[in-house]
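Undergrad: sequence first, predicted coordinates after that:
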Number of protein chains: 2
Amino acid sequence: MSDRPTGEFGLIEWIRARRPRLGPDRGVLGDVGDDCATVRFDGSTAIVTTDMLMDGRHFVLERDGPEAVGNKAMGVNLSDVAAMCGLPRFAFVAVALPRRDAEAIGRGLDEGLRRMADRFGVAIVGGDTNAWDGPLVVSVTLLGEPHPLGSPSRAGAKVGDAVFVTGPLGGGLLRGRHLRPEPRIREARAIRPIMNPTAMIDLSDGLSSDLGHVLDESGGLGAALDEAAIPIHPDALAATAADGSPPLLHALNDGEDFELCFTASPEAAARVVAGVTLHRVGEIVAEPGIRLRGDDGRMTPVERRGFDHFRAS
Amino acid sequence: MSDRPTGEFGLIEWIRARRPRLGPDRGVLGDVGDDCATVRFDGSTAIVTTDMLMDGRHFVLERDGPEAVGNKAMGVNLSDVAAMCGLPRFAFVAVALPRRDAEAIGRGLDEGLRRMADRFGVAIVGGDTNAWDGPLVVSVTLLGEPHPLGSPSRAGAKVGDAVFVTGPLGGGLLRGRHLRPEPRIREARAIRPIMNPTAMIDLSDGLSSDLGHVLDESGGLGAALDEAAIPIHPDALAATAADGSPPLLHALNDGEDFELCFTASPEAAARVVAGVTLHRVGEIVAEPGIRLRGDDGRMTPVERRGFDHFRAS
């Protein structure tokens, strides 16, 4: 018996705790939980993120095809750079291709990776191409430049800040939207100088879980969200038709929207960012936890659906 | 029917040919075939390499254990940085852990990664931890600083250059030496200013194959190697005892030695690098192909064992 946390987050915490304390003396800036690592060397600062996708977990190769996989693999990394308001520059791609059809899969995958990289001005400059008897695995590492005004962390939210999301949420897995993320690079770079976000994260695990990370890392705060203000994606309605669970719950808990969620001071929250759709969904409060405010003013606690990759099947 | 090359190298060539031409205007320096990519941004230059290891291909988890896997995953990437005479700084690790034993494997893996990183002053600053029903996959991306005097490429060998290796070769897979690479970071950085290598590569696929890459990329040159000068590892003798194939063939063709192979001008070749073991094994010639020079002066062509990861089982 042990009282250490178990599962994915337990392992991640254990790994973090065992790392030597990394700080500016080692060239490591930023916070350990951010969407990208921030490193300093030779007088420059870089942001770096890495995401690995596996067949059966993040896509189904047979159903989705290799181009969609390439598209998603590049897209989810671009979304992490967006959450830092960064400018993506260089990508490095490592793949394990199923041997029986390695060439065709490799070509389709590259097609999808390249198309997404081209759209965002990213150069794919390195990689490692392998084949094996296992399922397709693709790992992308993206190197970018931080925003000149600095990167919002996950840890800077303050009581009274407004909470925003950049687009409608929910049902991302149902009709394949998760394979076509629209990384909010442009939006983040427009938001950064005008609204000076106090915290920012991209919505990969779902609003309740990802906003939960921000609240935890900002010192154990809470959020009050306005039920009527949460933008519902049409896919969330389709998900409701399929499983009967209310659209709002899909918007709160489904993952893989790849929209941004951020907080900003009340003054900044009143500003307009030209050409960027923003939904103000609530505010940060001192009492921990996420609560939903109904039309009648009644508050309902939101169960946080922490997605544990070790447990999910 | 198609006349395009097939297999791993065919796919890699196809991918390369379809890339937009990447050059200094996009911040991409160096040659596409080098052990690391060289990128320039924000006034600094970084070298980056990525290598993915898969259970059953690069290790056998059940036999080798997760710590050895972590050790190797960090080590092979460090070896790529050594081949650029670079200084490794930051590592990013993405893993797909077998769900049934994810935590224990994750802990062991991190132990091995961290130990190797610590030895070489590398900070592990980012990653992505996943679990799935498939075998263990680990992908490490390493970011480093180029040597201030510049990185040797694979493409700079010249006729008349001497060929060196940094240690004994062969049998690396037999007794698990491939799991304990000794990245030649220190050696490379000592060699760089004194011998000014014209080309350098790390020996992952085997001398005949890796030196072959240098010869190809240097414009289709050849090499004459002195049979008696090629350092044979004791593991190569053990491999001979096991399979009857001569030790010299093991030294030439077995992979995963992770020593460096480099070329240097005849003047530079005469210099001594204090504290670094060097074996001068032959010289670069104009006629393409690798030949072995026996004690009697007779030349024997060396069959190049290009290791095709798509074909090997």
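TA: Good, I have the coordinates. Numbering: from 1, shown residues only, chains lettered A, B, ... in the order given.
Undergrad: can we go C-alpha only for contacts and neighbour counts from here?
TA: OK.
Undergrad: so where is the stretch 201-313 of chain A shaky, pLDDT-wise?
TA: Counting by pLDDT under 70, the stretch 201-313 of chain A contains low-confidence residues at A:306-313.
Undergrad: try it again with 50
TA: Along the stretch 201-313 of chain A, segments meeting pLDDT under 50 span A:312-313.
Undergrad: all strands in it, in order from the N-terminus.
TA: A:222-226, A:260-264, A:279-285, A:289-293, A:299-301 (DSSP state E, counting those that start in this stretch).
Undergrad: list the neighbouring strands of the shortest one plus their orientation.
TA: Yep, that's strand A:299-301 we're talking about. strand A:289-293 (antiparallel) (DSSP bridges).
Undergrad: hmm, who's touching the strand it pairs with?
TA: A:208, A:212, A:215, A:221-227, A:299-304 (CA atoms under 8 Å, 6 or more residues apart in numbering or on different chains).
Undergrad: I'd say A:Trp132 and B:His58 touch.
TA: No - in this structure, A:Trp132 is not within contact of B:His58 by CA atoms under 8 Å, at 10.0 Å.
Undergrad: can you pull out the strands in the stretch 1-150 of chain A?
TA: Secondary structure of the stretch 1-150 of chain A (DSSP E, counting those that start in this stretch): strands at A:28-29, A:37-41, A:44-54, A:87-98, A:123-132, A:137-145.
Undergrad: just to revisit the earlier point, of the contacts of strand A:289-293, buried ones?
TA: For the contacts of strand A:289-293, a burial check counting by 16 or more other CA atoms under 10 Å in any protein chain shown picks out A:208, A:212, A:215, A:221-227, A:299, A:302, A:304.
Undergrad: how about the strands of the stretch 201-313 of chain A, which one is nearest B:Ser79?
TA: strand A:260-264 (38.2 Å; CA to CA).
Undergrad: strand partners (parallel or antiparallel) of the closest one?
TA: Strand A:260-264 is paired, per DSSP bridges, with strand A:162-165 (antiparallel), strand A:199-202 (antiparallel).
Undergrad: quick one: contacts of the first one?
TA: To tie it back to what came earlier, the one meant is strand A:162-165. Residues contacting strand A:162-165 (CA under 8 Å, 6+ apart): A:259-266, A:269, A:278-284.
Undergrad: ok so, going back, which single one of the contacts of strand A:289-293 is nearest to chain B?
TA: Closest approach to chain B among the contacts of strand A:289-293 (CA to the nearest CA): A:Gly212, at 18.8 Å.
Undergrad: still on that earlier bit, between A:Trp132 and B:His58, who's got more neighbours?
TA: Applying other CA atoms under 10 Å in any protein chain shown to A:Trp132 and B:His58 shows that A:Trp132 carries more neighbours, namely 21 against 17.
Undergrad: leaving out sequence neighbours, find the closest residue to the residue of the stretch 101-250 of chain A found nearest chain B.
TA: As assessed by CA to the nearest CA, chain B sits closest to A:Ala131 within the stretch 101-250 of chain A, at 5.1 Å. Leaving aside its chain neighbours, A:Ala131 sits nearest to A:Leu97 (4.4 Å; criterion: CA to CA, 6 or more residues apart in numbering or on different chains).
Undergrad: for chain B, what are the nearby residues on the stretch 101-250 of chain A?
TA: Within reach of chain B by CA under 8 Å from any CA of the partner chain, the stretch 101-250 of chain A has these residues: A:102-103, A:106-107, A:110, A:114, A:123-132, A:134-135, A:139, A:141, A:145.
Undergrad: out of these, which are buried?
TA: A:102-103, A:106-107, A:110, A:114, A:123-132, A:134-135, A:139, A:141, A:145.
Undergrad: re the thing from before, same list (the strands of the stretch 201-313 of chain A) but as JSON lines, adding distance to A:Asp51.
TA: JSON lines is the format used below for the strands of the stretch 201-313 of chain A (distance: least, CA to CA, whole Å):
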{"stretch": "strand A:222-226", "distance to A:Asp51": "28"}
{"stretch": "strand A:260-264", "distance to A:Asp51": "17"}
{"stretch": "strand A:279-285", "distance to A:Asp51": "27"}
{"stretch": "strand A:289-293", "distance to A:Asp51": "28"}
{"stretch": "strand A:299-301", "distance to A:Asp51": "32"}
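Undergrad: run a quick neighbour tally on A:Arg305.
TA: 17.
Undergrad: correct me, but it touches A:Ser208?
TA: Yes - counting by CA under 8 Å, A:Arg305 does reach A:Ser208; the two are 6.6 Å apart.
Undergrad: what touches both of those two?
TA: What both A:Arg305 and A:Ser208 touch, as defined by CA under 8 Å, 6+ apart, is the set A:Asn253.
Undergrad: residues contacting the spatially most central residue of chain A?
TA: Centroid-nearest residue in chain A, with CA atoms, centre = their mean: A:Asp202, separated by 3.2 Å. Contact analysis of A:Asp202 by CA under 8 Å, 6+ apart lists A:Asp35, A:Ser79, A:Asp80, A:Ala82, A:Ala83, A:Asp210, A:Phe258, A:Glu259, A:Leu260, A:Cys261.
Undergrad: show me the contacts for the second one.
TA: Contacts for A:Ser79 (CA under 8 Å, 6+ apart) come out as A:Pro181, A:Glu182, A:Pro183, A:Arg184, A:Ile185, A:Asp202, A:Phe258, A:Glu259.
Undergrad: what about it, distance to B:Gly144?
TA: Separation of A:Ser79 from B:Gly144 (CA to CA, to the nearest Å) stands at 24 Å.
Undergrad: what of A:Arg280?
TA: A:Arg280 is 41 Å from B:Gly144, by CA to CA.
Undergrad: now A:Leu149
TA: Taking CA to CA, one finds A:Leu149 at 25 Å from B:Gly144.
Undergrad: next one: A:Met54
TA: 27 Å.
Undergrad: for A:Phe59, same thing?
TA: As judged by CA to CA, A:Phe59 and B:Gly144 stand 32 Å apart.
Undergrad: now do A:Phe41
TA: 9 Å.
Undergrad: look at these two and report which has more neighbours.
TA: For the pair A:Phe41 and B:Gly144, the greater number of neighbours falls to B:Gly144 (23 against 18), based on other CA under 10 Å.
Undergrad: so what's the more buried one closest to, chain neighbours aside?
TA: B:Pro88 (4.1 Å).
Undergrad: now for the one you found: which residues touch it?
TA: By CA under 8 Å, 6+ apart, the contact set of B:Pro88 is B:Leu78, B:Val81, B:Phe120, B:Gly121, B:Val122, B:Leu142, B:Leu143, B:Gly144, B:Glu145.
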